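[1] sequence plus predicted model, see below.
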Amino acid sequence: MGHDHGHDHTHGANKKALMISFFIITGFMIVEAVGGFITNSLALLSDAGHMLSDSISLGVGVLAFTFGEKVANYSKTYGYKRFEILAAVFNGVTLVLISLYIFYEAYHRFADPPEVTSTGMLIIATLGLIVNIIVAWMLMSKGNTEDNLNLRAAFLHVLGDLLGSVGAIIAALLIIFFDWGWADPLASVIVAMLVLISGWRVTKDAVHVLMEGTPKNVDLEEVIKSIENVKGIRSIHDLHVWSITSGKNALSCHAVVDGNLSITDCQELLRQVEHELEHKEIGHVTIQLENEAHPHDETLMCQNEDDSSSHGHHHH
């Protein structure tokens, strides 16, 4: 199976990219937090807060890949693949809370701007920028940020960080040259906005998956059309399409077929449908075939060989 091999390869690459990024970001997050306290810069501290959420998101991402590798068992027929989505929810909520705290702090600082050691702030923020550029490049070149929700969340975090570092650099320069103390809380508010937006997005996407919503990359109209276009299928009903985890979409439905099909015809018909749906980003298919004479008579004419446990499974 060349396809599976390819998948394992990107899985390994994703995990490795996340792992290296995790160590780099966590290390620098500590440097930035200490630097923020020493220089008394809220922009640095808020960037460190964002980095903390990054480091959590990357760490959880690594855990999610590790958990996701655990084999399915009788109590968890899909394995632990959903862990990744739960991780994304946790991650998104953490981001929203961090951003609210930064807003609160910045509000006080606008009223009474404290002294900020601007040179130290500039040095640390510049280092932060370099670190973030390296990590962002690594996630993009080594991992699959397009299809994997977890990796994409991590990548968005790092981009937000990168902008946070830019904000802190500009704020430090404004304080050095113009003595504008308010530049520091202003930069932190901009970071907080970024954190809030990415936190909200990640949470929304993850909740959509948990609510078994139709995957974003699946066009339901197209799916229905391509199933009903298969010769021998009259109509379909009870259609469900959902995501098990990012990049793994599943479908189940009942299909009413011509009454005079043999078992071999049925198998051929199912193979054709599976083939069609593979091009529509759906890999896990369960179809119950019914005779048009008794559409709701639960007599199975024939069922595809794909694991049908998902059939009653998603009605939880």
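    Ah, there it is. In this text the structure is predicted, and so the values were computed from the model without any measurement. Numbers count the residues shown, from 1 in each chain.

[2] apart from its neighbours in sequence, what residue is nearest Gly120?
    Nearest non-adjacent residue to Gly120, counting by CB to CB, 6 or more residues apart in numbering: Thr39, 4.3 Å away. The way it works is simple: take the backbone N, C-alpha and C, and place the C-beta from them, glycine included.

[3] can you name every helix or strand that the host helix or strand of Gly120 contacts?
    For Gly120, the host element (DSSP states H and E) is helix 118-142. Helix 118-142 is packed against helix 2-39, helix 42-68, helix 149-178, with contacts defined by 3 or more CB pairs under 8 Å, 6 or more residues apart in numbering; DSSP states H and E.

[4] check contacts around the residue nearest to Gly120.
    The contact partners of Thr39, by CB atoms under 8 Å, 6 or more residues apart in numbering, come to Val116, Thr117, Ser118, Gly120, Met121, Ile124.

[5] closest one of those residues to Leu251?
    Leu251 lies nearest to Ile124 out of these, by CB to CB, at 50.4 Å.

[6] state the number of residues packed around the closest one.
    27 (other CB atoms under 10 Å).

[7] most tightly surrounded among the helices and strands packed on helix 118-142?
    helix 42-68 (a mean of 25; mean count of other CB atoms under 10 Å).

[8] what are the buried residues along whichever helix or strand comes after that helix?
    With elements assigned by DSSP H and E, the helix or strand that comes after helix 42-68 is helix 83-111. Judged by neighbour count (16 or more other CB atoms under 10 Å), helix 83-111 contains these buried residues: 83-92, 94-96, 98-99, 102-103, 105-106, 109.

[9] go on, stretch 251-269?
    Using 16+ other CB under 10 Å as the burial criterion, the residues of stretch 251-269 that qualify are Leu251, Ser252, Cys253, His254, Ala255, Val256, Val257, Leu261, Cys266, Leu269.

[10] go through the helices and strands packed on helix 118-142 and name the closest to Trp200.
    Relative to Trp200, the nearest member of the helices and strands packed on helix 118-142 by CB to CB is helix 149-178, separated by 11.3 Å.

[11] that closest one: how far from the chain's middle?
    Taking CA atoms, centre = their mean, to the nearest Å, one finds helix 149-178 lying 21 Å from the centre of the chain it belongs to.

[12] what angle do that helix and helix 83-111 make?
    20 degrees (axes from the mean of the first three to the mean of the last three CA atoms, to 10 degrees).

[13] could you dump the helices and strands packed on helix 118-142 into JSON lines and include distance to Asn291 and mean pLDDT?
    Below are these laid out as JSON lines (distance: least, CB to CB, whole Å; pLDDT from 0 to 100):
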{"stretch": "helix 2-39", "distance to Asn291": "34", "mean pLDDT": "80"}
{"stretch": "helix 42-68", "distance to Asn291": "40", "mean pLDDT": "82"}
{"stretch": "helix 149-178", "distance to Asn291": "40", "mean pLDDT": "86"}
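
[14] convert the C-alpha atoms of the top strand by length along the chain to CSV, please.
    Counting residues, the longest strand found in the chain (DSSP state E) is strand 233-245. The C-alpha coordinates for strand 233-245 follow below in CSV (Å, rounded to 0.1, in the frame of the first residue of the first chain):
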residue,chain,number,x,y,z
ILE,A,233,-28.0,3.4,-7.4
ARG,A,234,-31.5,4.9,-7.4
SER,A,235,-31.3,7.2,-4.4
ILE,A,236,-29.6,7.7,-1.1
HIS,A,237,-30.9,8.7,2.4
ASP,A,238,-29.7,8.9,6.0
LEU,A,239,-26.4,10.4,4.8
HIS,A,240,-23.9,11.4,7.4
VAL,A,241,-20.4,12.9,6.8
TRP,A,242,-18.1,13.8,9.7
SER,A,243,-14.5,14.0,10.7
ILE,A,244,-12.9,11.5,13.0
THR,A,245,-9.9,13.8,13.4
